[in-house]
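In: Got a sequence here, can you build the structure:
(2 chains, ligands or ions: 2)
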Amino acid sequence: MSDDRTDPAPDGGTASQPATDEREAFEEHPLEWDEPANNDKAPEERDSVSQPAEKYDDRKLVTGQAKYTADYGERFPDLAHAAVVRSEVPHGRVTDVDTDAAEAMDDVHAVLTPWSEAVPDAKYTSAGQSYPEPSPWDMNVLNEHVRYVGDPVAAVAAEDPDTAAAAADAVDVEYEEHDHVVDPEEAFDADAPQLFAESEVENGIVGHDYERNRMAHIDGEVGDVEAALARDDVHVHETEWETIRQSHAQIEKHTTLAYTDEDDRQVVITSTQVPNHTRRQLAHLFDVPIRDIRVKKPRVGGGFGGKQAMVVEPIPMALSLATDRPVMYEASREEEFGAMRSRHPMQVRARTAVTDDGDIAAMELYALSNTGAYGSHGMTVAGNVGSKPMPLYSKVPNVRFEADIVHTNTPQTGAMRGYGAPQGTLALEGHLDEVARDLGLDPVEFRREHYMEVGDLDEIAGMMGGEGAERRIRSCGLDECVERGKEAIGWDDVDQPDEDGRHRGIGMALSAQGTGVAGDELGAAQIMMNEDGSFHLQVGGVDIGTGADTAFIQIAAEVLGCDEDDVVVKSSDTDNTPFDYGAYASSTTYISGMAVKKAAEDAKERILDWASRMLDEPVENLETADGEVYSEATGDSVTLEDVGYESVYGHDDREHILGKGTHSTEESPPPFAAQFADVTVDEETGEFEVNKLVVAVDCGVAINPGMAEGQVEGANHMSYEMAVSEGITVDGDGRAEVSDFDEYGLPSASETPPIESILVETHEPTGPFGAKSVAEVPTNTVPPAISNAVREAVGVRINEMPITAEKIRAKLDEE
Amino acid sequence: MEIQLTVNDDPTTATVGPDDDLATVLRRNGYTGVKCGCDGGVCGASKVFVDGEVVMACGVDASEADGADVRTIAALGTQDDLHPIQAAFVDHFAVQCGFCIPGMIIEAESLLAENPDPTEAEVREAIDDNRCRCTGYQKPVEAILDAADRMDGGRVAADGGARPDEEGETHE
Ligand code: FES
Ligand code: FES
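Out: Numbers count the residues shown, from 1 in each chain, chains lettered A, B, ... in the order given. Ligands and ions are numbered 1, 2, ... in the order given. All right, here's what the predicted structure looks like:
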């Protein structure tokens, strides 16, 4: 590849002389990071964080003792159960709701319609994001204007779930039906039915054009893509890709229990990723002061973004207010597929301008995102289609991303693990593979010429401003990910099967994500010392099954020099834990974990102060380890227990040792992944087997490597599904055709290939003990890796997910 | 109507409605280790032993379970004294949210009782109707294979060492 740094720069100067703005950028984003000494410990000095500590709730989980939301029901003898009446038409207006038959049934406590007093009529978005939400306020708790089959129009509370379901069936709804549209391209047509009148939306989003059913339009550019595409020394390559409507398919359904407590406060026990956002949104909807709402998260049976939204909470809360009873609502599995949330299905076009020797002069992605009936997470997910994968190739000088986000009369979409990156990664990594093949270049070496390395200023992440702003790359293990991945999959030594007509191929793909949302996150924690030298850690961070609580304990124990068992963690209860933005954007360990670290350091400072008096040694000589404070000078020590008792029961002076920490940052360092897929394809039938998946991930320092590996494997499993399953298909009325796991095609144990995960450790100076994120980046990579492997094996390219034998055979027949 | 059950060795009288399934009745009586992830027989979260056979409790008519001997996850081990399969799941980080885990451990226990030395393919086959969204199946399969080694055809203590078969109990 030619070194284009000597080419004329767009501003007329030469790019080899740093332009003024480049120098400014370096000052704003210095490579050197002022990292506290205690953050950069050698692996052998890490007493806790790098150890495979037992997950703190595991014994409860494996014995069935852990409490999820539904398990709280038994504590409320007068508990009522909710059921929801959902629209049967794809688009229309509710003209009448006849509740008489339902209300007349025994044991029915309330039936609510859009016009009931207990039902808020304020507009809101279900997206659990920062505030003001970068999503339009376009929905009501119960909708009069319905926009998809499944839109909630009425709700009932009854003595037991069966009665509630029967009462919901007995509610008779009349509609004035409107024309509908389910295809995102058709939704753009001038004569397509319009889903929203401008006046029906508050908090409209940039680029919205409701006459064209467009919820938002975004674009961003670095350099000048048009000029590069027009150069006469480049070839322009263009490919198109399509992704499925993937379901979160959390095994625990959306479940909420709402009641008024003895202090007249509204309590919501709920399976959520975003307790603080939910509290704020409920306060808005019900016009109740934030302080009078308590949102409490018990164990959560999986989230994956499906619970990064206030999906069901307002309904049981309204019913509880109407009936003066605790009310539990548990969505059915059919509702999960048809009326909760899903990944945005998208069409993505990739275009590059490449010279003969493989120099990429320009790179462009365009996404058409189908946000379904409402706009929650629509703009931000689409933004990440470009801003997550494209920075991987930070050395490409001209880059553009554009997206249209359109409404259709189909079920709602939302946040999902990877958050737009899986769609963009398929397009970009499939496209680059195809370009490398066209040019006869090794696909790995072709990527290596353009991908990120330490020291790069990543302007592409900042291309759309705000979220994911420009950043300096301070840790990058891509080379090692590629090398170890190649080794593990056997890249250099691929045997072909003996049987005629069967071909084996290995495909690869790279991925980058972010860690938290730059400039738009907050985590907080406090830690109090008990008199016996143990600690209570109160943290807003949200564990949805990932092991976050355990990581928090390990971080606290690492700082305090105590055993993990001596830290009791209390998380995610808005009455008792500090603020946190919630479990999303791969932020938990990085943001909330850093808050825990700061809180523990604050407490440690007080502990050392006390120990200094007790040992008569200056603080500078003191350190904590193994439950003691010891003097490095004299070897004298006191136990943390001694300090605990002395501090609260001391004769001369007393203090309850409390530490607090709050963390927010402009940084969002990318973790990286290199994915490899080994497939065998039958050229007669198109049948294929995925023999093995290997994924190597640079997550910075792995906090609890066993847990981190579990995250990587789980994410890759989900990514595999995106490559081979149909997802939630919809019929001509936009109705979800999937109602259970079998129809959905969640791959089972014998349908899932072996997954080998490799943790490549680097050191990210901005993260707690060098950590960055791990759980999202391996969600992005299996679809392009399998598409690339099939291409390698039998020479055909599948651009449209899922990859099936029929599609492969059809392409083979075309040849 | 009322039915009589023996749940984890305790005689239990339960009131059941005509449409109640066994999972609902068990949960209502405090056996909340039985989880419900679907609305009928496709996720495996509600697996229990009924008269020694693994069934999805959500698919069993409660009234037809009158007189049955039921064992739930609570019969296997306690937090202080984990069953070897439970211990292996913990040691292998095979548990994330844990919602699918009781059902998967019940199925694993049944597999190992019949086939103490399964192959990886046999383990995958055995848990084929246990859906796990978080962990995938790599670590659960490794945990079950390791549990087979720990048990080595017999009963073992929770710490993974051998335990004399003094009381002659079995696990199912
Ligand atoms: S709840 Fe019984 S199998 Fe899913
Ligand atoms: S651990 Fe969450 S579903 Fe299996």
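In: Quick check: residues of the stretch 601-750 of chain A near ligand 2?
Out: Within the stretch 601-750 of chain A, no position lies close to ligand 2 (Cβ under 6 Å from any ligand atom). For every residue, glycine as well, the C-beta is placed using N, CA and C.
In: what's near enough to touch A:A127?
Out: Shown in contact with A:A127 (Cβ atoms under 8 Å, 6 or more residues apart in numbering or on different chains): A:E133, A:P134, A:S135, A:Q308, A:A309, A:S376, A:H377, A:G414, A:A415.
In: residues near the fourth one, how many?
Out: This points to A:Q308. Per other Cβ atoms under 10 Å in any protein chain shown, the neighbour tally for A:Q308 reads 31.
In: Please tell me how far it sits from A:L441.
Out: Remark: distance between A:Q308 and A:L441 (Cβ to Cβ, to the nearest Å) = 40 Å.
In: Kindly report the same for the fifth one.
Out: As for A:A309, its distance to A:L441 is 43 Å (criterion: Cβ to Cβ).
In: With neighbour numbers in mind, choose between those two.
Out: Per other Cβ under 10 Å, whichever of A:A309 and A:L441 has more neighbours is A:A309, with 30 against 17.
In: Beta-bridge partners for that one, please?
Out: With DSSP bridges as the criterion, A:A309 is bridged to A:A127.
In: which ones are touching A:A110?
Out: With contacts defined as Cβ under 8 Å, 6+ apart, the neighbours of A:A110 are A:A118, A:V156, A:A157, A:L319, A:A322, A:T323.
In: Out of those residues, name the ones that lie in helices.
Out: Within the contacts of A:A110, residues falling in helices by DSSP state H are A:L319, A:A322, A:T323.
In: of all the residues you listed, which comes closest to A:V695?
Out: Of all the ones in helices among the contacts of A:A110, A:V695 sits closest to A:L319, with 44.4 Å by Cβ to Cβ.
In: That closest one and A:A164 touch, don't they?
Out: No - counting by Cβ atoms under 8 Å, A:L319 stays clear of A:A164, with 9.6 Å between them.
In: Identify the contacts common to these two.
Out: In contact with both A:L319 and A:A164: A:A80, A:A82, A:V156, A:A157, using Cβ under 8 Å, 6+ apart.
In: I'd say the first one and A:E159 touch.
Out: Yes - using Cβ under 8 Å, A:A80 is in contact with A:E159, at 6.5 Å.
In: any shared contact partners between these two?
Out: Contact criterion Cβ under 8 Å, 6+ apart; residues shared by A:A80 and A:E159: A:H109.
In: Leaving out the residues flanking it, which one is nearest to A:W33?
Out: Nearest non-adjacent residue to A:W33, counting by Cβ to Cβ, 6 or more residues apart in numbering or on different chains: A:P765, 4.0 Å away.
In: hang on, isn't the one you found packed against A:D40?
Out: Yes - A:P765 is within contact range of A:D40, at 7.0 Å (criterion: Cβ under 8 Å).
In: out of these two, which sits in the more crowded spot?
Out: For A:P765 versus A:D40, the count of surrounding residues by other Cβ under 10 Å is larger for A:P765: 18 against 14.
In: where's the more buried one, which helix or strand?
Out: Using DSSP states H and E, A:P765 sits within no helix or strand.
In: Dihedrals phi and psi, B:T12?
Out: B:T12 adopts backbone torsions of phi -140, psi 130, taken as degrees, to the nearest 10.
In: can you tell me the residue of the stretch 351-500 of chain A closest to ligand 2?
Out: Here the stretch 351-500 of chain A gets closest to ligand 2 at one residue, A:R417, 13.1 Å apart by Cβ to the nearest ligand atom.
In: One more: the stretch 701-815 of chain A?
Out: For the stretch 701-815 of chain A, Cβ to the nearest ligand atom, closest residue to ligand 2: A:G714, 8.0 Å.
In: for the stretch 501-650 of chain A, same thing?
Out: For the stretch 501-650 of chain A, Cβ to the nearest ligand atom, closest residue to ligand 2: A:G545, 5.3 Å.
In: Shouldn't the residue of the stretch 351-500 of chain A closest to ligand 2 be within a strand?
Out: No - read with DSSP: H, G, I helix; E, B strand; the rest coil, A:R417 is coil and lies in no strand.
In: so where is chain B shaky, pLDDT-wise?
Out: B:153-172 (pLDDT under 70).
In: Contact residues of it facing ligand 2?
Out: When proximity is defined by Cβ under 6 Å from any ligand atom, chain B lies next to ligand 2 at B:V95, B:Q96, B:C97, B:G98, B:F99, B:C100, B:I101, B:C132, B:R133, B:C134, B:T135.
In: tell me the contacts of the last one?
Out: What that stands for is B:T135. For B:T135, the contacting residues are A:G710, A:E713, A:G714, A:H717, B:A94, B:V95, B:Q96, by Cβ under 8 Å, 6+ apart.
In: Find the helix or strand that it is a member of.
Out: Going by DSSP H and E, B:T135 is not in any helix or strand.
In: What helix or strand is A:F26 located in?
Out: Applying DSSP H and E as the criterion places A:F26 in helix A:20-28.
In: Following the chain past that helix, name the next helix or strand.
Out: Next helix or strand after helix A:20-28 toward the C-terminus (DSSP H and E): helix A:58-62.
In: Which residue comes closest to whichever residue of the stretch 601-750 of chain A sits closest to chain B once chain neighbours are left out?
Out: In the stretch 601-750 of chain A, no residue comes nearer to chain B than A:H717, which is 3.1 Å away by Cβ to the nearest Cβ. In space, and not counting its chain neighbours, A:H717 is closest to B:G136: 3.1 Å by Cβ to Cβ, 6+ apart.
In: Please apply the same query to A:M215.
Out: Nearest to A:M215 is A:G375, by Cβ to Cβ, 6+ apart, at 4.3 Å.
In: OK, contacts around the one you found?
Out: Residues near A:G375 by Cβ under 8 Å, 6+ apart: A:T125, A:S135, A:P136, A:D138, A:V201, A:I205, A:M215, A:A216, A:I405, A:H407.
In: Can you flag the buried ones in the residues you listed?
Out: A:T125, A:S135, A:P136, A:D138, A:V201, A:I205, A:M215, A:A216, A:I405, A:H407 (16 or more other Cβ atoms under 10 Å in any protein chain shown).
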